[in-house]
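>>> this is the structure alone, sequence omitted:
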């Protein structure tokens, strides 16, 4: 990391000042903490475990797909492998990744607060998350689950012989953690902003957390009720989704996607906030079109509830409904495009520094743009009929969820790492990891777009030989991608013990979180903060005396 005085200066030598990391070092002090920063780290440790587990399942899938015929996994085992990968990655990594970790750590500091509005509720949300995650993990590892991460009926209620009930209950329990986090963030933003922190002075990351929290609070109960109905029919035989008893299997799809499409924005909206913070800082320019960025996030959160039916074009819903959902799916692309244009406008004529966080942010823009454009193909009813349940959908989903959200998560982790730990990492190693992740991801998933257009169905491990070159390319790319994910563990772990001490503001950023020590004290700030200016007021580099004199001369009448 750069220790240029313009970006925060060199940290003072001597003993480390008191910080939240030194307020008790026992396991009990961590497990009973109500400090939002420590809870964010507890979440980070938990989702890292689940991410590693999901990555192992992904490695099994890619290894199995190297050859056209099944080599070491049976049909049932392959179904269980991609179900494990999907359930763990979606429900226990992607959904909580940024809100529960970076959101928990940063949101109070960004608005000048000492903590979240309900610290005990915050700690309870972590315990609820762990309880649900371990319950689902027990179901997956003990007996396996083979329904896919969507739990589609009637397979999940009538025909699957796996531990669907326990897995569904685990996801149901985790939903309460999301709701608790959302309520806490909403209350914190409304009640605990620093003096002078008006709504239009909020950092875009805070706006992203706020809109995400609204979606979590409003949409998650629908998922909970859907899974409870699955449990009720599977455990007690209630005729809810079974068509033989008067039930409607499409009802589950409507309920599930009514939550799960807004859940896409639970994963993506926080990424928008992270990328906005990184780009405006590393370009040294005020964010282009701040108000449009805010309105775009609000519009995405609202319209996100109205487009669930584009997942069901071939399910049997009416042609009129499909036309409406198709139109709305094109509409929601507009505010997403606004954000890409505004980030591009921010970069224009900026003093860009290609740091590791900036590389992750630029990678996010590229991958999210590809994912968004391919989403328009799936929003078109005629094209979707051809592409549904093919690898085109797999590639699109991963470009948005994994390529986009995970790139933003890693970018945010590197950007705020000095603030979180008080240590600096190797910039060159981090840049290499960011580039490896970007190229590895494209080599893994771009061939799947081609396979999808050729008709390769997803969730098959025994496939026609003409698809093998593309699968081999995808599996080789997965090795590079896995390296990009694994490498930060080493240099970030090294930085914890041997890294240089971080200054308060190594990036020269303008947010309130950078106006306190690194790592922060327990109560975040040593003084009362008052906000008296707009966000992101970055100034150009210092002018020479001749340039200043010329500027003054031009201003004279």
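Happy to help now that I have it. Since we're looking at a predicted model, the values are computed, not measured.
>>> could you pull out the helices for the stretch 51-200 of the chain?
Taking DSSP state H, counting those that start in this stretch as the test, the helices found in the stretch 51-200 of the chain are 75-89, 97-98, 104-110, 119-142, 164-191.
>>> nearest to residue 509, of those?
Closest of the helices of the stretch 51-200 of the chain to residue 509 is helix 104-110, at 10.8 Å (criterion: C-beta to C-beta). (Glycine included, C-beta is placed from N, CA and C.)
>>> now render the helices of the stretch 51-200 of the chain as TSV, adding mean pLDDT and mean neighbour count.
Putting the helices of the stretch 51-200 of the chain into TSV (pLDDT from 0 to 100; neighbours: other C-beta atoms under 10 Å) gives the following:
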stretch	mean pLDDT	mean neighbour count
helix 75-89	93	21
helix 97-98	94	30
helix 104-110	96	27
helix 119-142	95	19
helix 164-191	96	22
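>>> including distance to residue 532, could the ones you listed go into CSV?
CSV is the format used below for the helices of the stretch 51-200 of the chain (distance: least, C-beta to C-beta, whole Å):
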stretch, distance to residue 532
helix 75-89, 43
helix 97-98, 29
helix 104-110, 16
helix 119-142, 28
helix 164-191, 19
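>>> so which of those gets nearest residue 31?
Put simply, out of the helices of the stretch 51-200 of the chain the one that sits nearest residue 31 is helix 119-142, at 8.7 Å, with distance taken as C-beta to C-beta.
>>> angle of the closest one against helix 75-89?
Using axes from the mean of the first three to the mean of the last three C-alpha atoms, to 10 degrees, one finds that helix 119-142 and helix 75-89 are set 170 degrees apart in direction.
>>> quick one, helix 119-142 and helix 164-191 angle?
In this structure, helix 119-142 runs at an angle of 160 degrees to helix 164-191, with the same axes, to 10 degrees as the basis.
>>> so what does helix 119-142 touch, helix or strand wise?
Other helices and strands packing on helix 119-142, by 3 or more C-beta pairs under 8 Å, 6 or more residues apart in numbering; DSSP states H and E, are helix 36-64, helix 75-89, helix 164-191.
>>> average pLDDT for the first one?
For helix 36-64, the mean pLDDT works out to 96.
>>> quick one, that helix and helix 164-191 angle?
Using the same axes, to 10 degrees, the direction of helix 36-64 lies 140 degrees away from that of helix 164-191.
>>> for residue 113, see how far away the residue lying closest to residue 34 once chain neighbours are set aside is.
Across the structure, with C-beta to C-beta, 6 or more residues apart in numbering as the measure, the residue nearest residue 34 apart from its sequence neighbours is residue 119 (3.6 Å). Residue 119 sits 11 Å away from residue 113, going by C-beta to C-beta, to the nearest Å.
>>> could you list the low-pLDDT ranges of the stretch 401-550 of the chain?
Applying pLDDT under 70 to the stretch 401-550 of the chain flags the ranges 539-550.
>>> rewinding a little: next, show the common contact partners of residue 119 and residue 113.
Taking C-beta atoms under 8 Å, 6 or more residues apart in numbering as the contact rule, residue 119 and residue 113 touch no residue in common.
>>> first-to-last residue distance for stretch 402-410?
Across stretch 402-410, the terminal residues are separated by 11 Å (C-alpha to C-alpha, to the nearest Å).
>>> try stretch 24-32
With C-alpha to C-alpha as the measure, stretch 24-32 spans 11 Å from end to end.
>>> before we move on, which element is residue 365 in?
Taking DSSP states H and E as the definition, one finds residue 365 inside helix 356-379.
>>> correct me if wrong: the residue nearest to residue 34 contacts residue 36.
Yes: A contact is recorded between residue 119 and residue 36 when judged using C-beta atoms under 8 Å, the distance being 6.9 Å.
>>> that older thread, nearest to residue 530, out of the helices of the stretch 51-200 of the chain?
Among the helices of the stretch 51-200 of the chain, helix 104-110 comes nearest to residue 530, with 15.0 Å by C-beta to C-beta.
>>> please tell me I have it right and residue 518 contacts residue 417.
No: in terms of C-beta under 8 Å, residue 518 does not count as a neighbour of residue 417; the distance is 9.7 Å.
>>> relative to the whole chain's centre, how far out is the helix or strand encompassing residue 342?
Residue 342 is part of helix 319-347 when elements are defined by DSSP H and E. Distance, stretch centre to chain centre, for helix 319-347: 19 Å (C-alpha atoms, centre = their mean, to the nearest Å).
>>> the inter-axis angle of it versus helix 356-379?
In this structure, helix 319-347 runs at an angle of 160 degrees to helix 356-379, with the same axes, to 10 degrees as the basis.
>>> give the other helices and strands that helix 319-347 contacts.
With contacts defined as 3+ C-beta pairs under 8 Å, 6+ apart, helix 319-347 has these neighbours: helix 249-282, helix 290-303, helix 356-379, helix 381-387.
>>> which of these is buried the deepest?
With neighbours defined as mean count of other C-beta atoms under 10 Å, the helices and strands packed on helix 319-347 peak in mean count at helix 249-282, which reaches a mean of 24.
>>> now that one: mean pLDDT?
Averaging pLDDT along helix 249-282 gives 94.
>>> with stretch 341-349 instead?
94.
>>> rewinding a little: residue 356: which of the helices and strands packed on helix 119-142 is closest?
If you check each of these against residue 356 by C-beta to C-beta, helix 36-64 wins as the nearest, at 17.9 Å.
>>> how far away is residue 236 from residue 165?
Taking C-beta to C-beta as the measure, residue 236 and residue 165 are separated by 11 Å.
>>> thought residue 283 was touching residue 345?
No: with contact defined as C-beta under 8 Å, residue 283 does not reach residue 345; the gap is 10.1 Å.
>>> so for these two, which residue has more residues nearby?
Taking neighbours as other C-beta atoms under 10 Å, residue 283 and residue 345 compare with residue 283 leading, 22 against 15.
>>> for that one, give me its contacts.
If a contact means C-beta under 8 Å, 6+ apart, then residue 283 has 346-347, 350-352 as its contacts.
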